[in-house]
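Trainee: return a 3D structure for these sequence lines:
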Amino acid sequence: MGHSLGETAEQFYSEGYIGDVLRACDAGDLKSVSRLFKNVENSSKKNPKGNCKTETLARQQATSGARLEYKGTGDKEAMRADAFTFDGGHLVKIDIGYGAPIAYFPFEGQHPKYYGELLVGLEEDYGAPTKTYTKPVLNSFGVEHDAHAAMWLRNKDVIIIFQQLGLDAWTRIVGETLEEYNREPQVPQPANPLQ
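Mentor: Alright, predicted model coming up:
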């Protein structure tokens with residue numbers, strides 16, 4: 001993906017896939033817009049003019065300072081979905097979700113990422129987490145598993161990785177600026193009756 005918290009919306013919309021789409025839109029090259037959208041998994045959109053209008057409007061809103069949540073293209077092979085939040089003309093939150101196939105048997109061509117390998121990568125990049133915890137959860141058959149989470153609280157940002165177990169298992173990594181983290185109400189955890 002190559003995006004960083006705090007980068008300007010203008011920078012975000014000038015790079016990578018979305019930059020290519022917007023340059024094609026600005027040039028009126030609807031054939032290139034169609035080709036670019038055809039290569040994206042979530043591309044049920046077959047209207048290049050409509051695609052240009054939607055993407056151009058999103059860029060205008062984000063660069064004007066409006067709060068905007070933008071769904072990225074993700075990665076079908078890695079079973080990854082991503083979303084980006086802009087506020088005040090800057091990228092303030094990156095939310096990456098990795099799906100896990102049922103029973104951990106991926107379809108041909110899929111290379112899902114799992115909590116353990118994602119955690120190792122984050123530890124290599126950011127060192128030991130500030131906080132880790134596990135939470136017992138029951139799957140649909142009543143079997144108890146530990147769901148894991150880790151958090152890195154840094155000078156200017158917060159990075160959190162957590163997992164959801166069960167038939168719709170996934171792992172999410174959320175990076176956000178401290179301002180964004182403090183802006184969002186934190187979900188209170190219920191007290192442990194055993195403590």
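
Trainee: packing partners of the top helix by length along the chain?
Mentor: When the chain is parsed with DSSP state H, its longest helix is helix 48-63. Applying 3 or more C-beta pairs under 8 Å, 6 or more residues apart in numbering; DSSP states H and E, one finds that helix 48-63 contacts helix 9-12, helix 16-26, helix 30-38, strand 68-71. In short, each C-beta sits where N, CA and C put it, glycine included.

Trainee: what's the most buried one of those?
Mentor: helix 9-12 (a mean of 19; mean count of other C-beta atoms under 10 Å).

Trainee: packing partners for that helix?
Mentor: Judged by 3+ C-beta pairs under 8 Å, 6+ apart, helix 9-12 is in contact with helix 48-63, strand 80-87, strand 90-99.

Trainee: picking that back up, and the helices and strands packed on helix 48-63 as CSV, adding distance to V92 and mean pLDDT?
Mentor: Output for those, formatted as CSV (distance: least, C-beta to C-beta, whole Å; pLDDT from 0 to 100):
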stretch, distance to V92, mean pLDDT
helix 9-12, 10, 94
helix 16-26, 17, 90
helix 30-38, 26, 84
strand 68-71, 10, 91
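
Trainee: quick one: closest of these to E144.
Mentor: Set against E144 and scored by C-beta to C-beta, the helices and strands packed on helix 48-63 come closest in strand 68-71, at 33.9 Å.

Trainee: hang on, the earlier thing: could the helices and strands packed on helix 9-12 go into a markdown table alongside distance to T132, mean neighbour count and mean pLDDT?
Mentor: Shown next, in a markdown table, are those (distance: least, C-beta to C-beta, whole Å; neighbours: other C-beta atoms under 10 Å; pLDDT from 0 to 100):
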| stretch | distance to T132 | mean neighbour count | mean pLDDT |
| --- | --- | --- | --- |
| helix 48-63 | 34 | 17 | 91 |
| strand 80-87 | 23 | 20 | 91 |
| strand 90-99 | 19 | 21 | 91 |
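
Trainee: how far off centre is stretch 122-130?
Mentor: Here stretch 122-130 is found 19 Å from its chain centre; the criterion is C-alpha atoms, centre = their mean, to the nearest Å.
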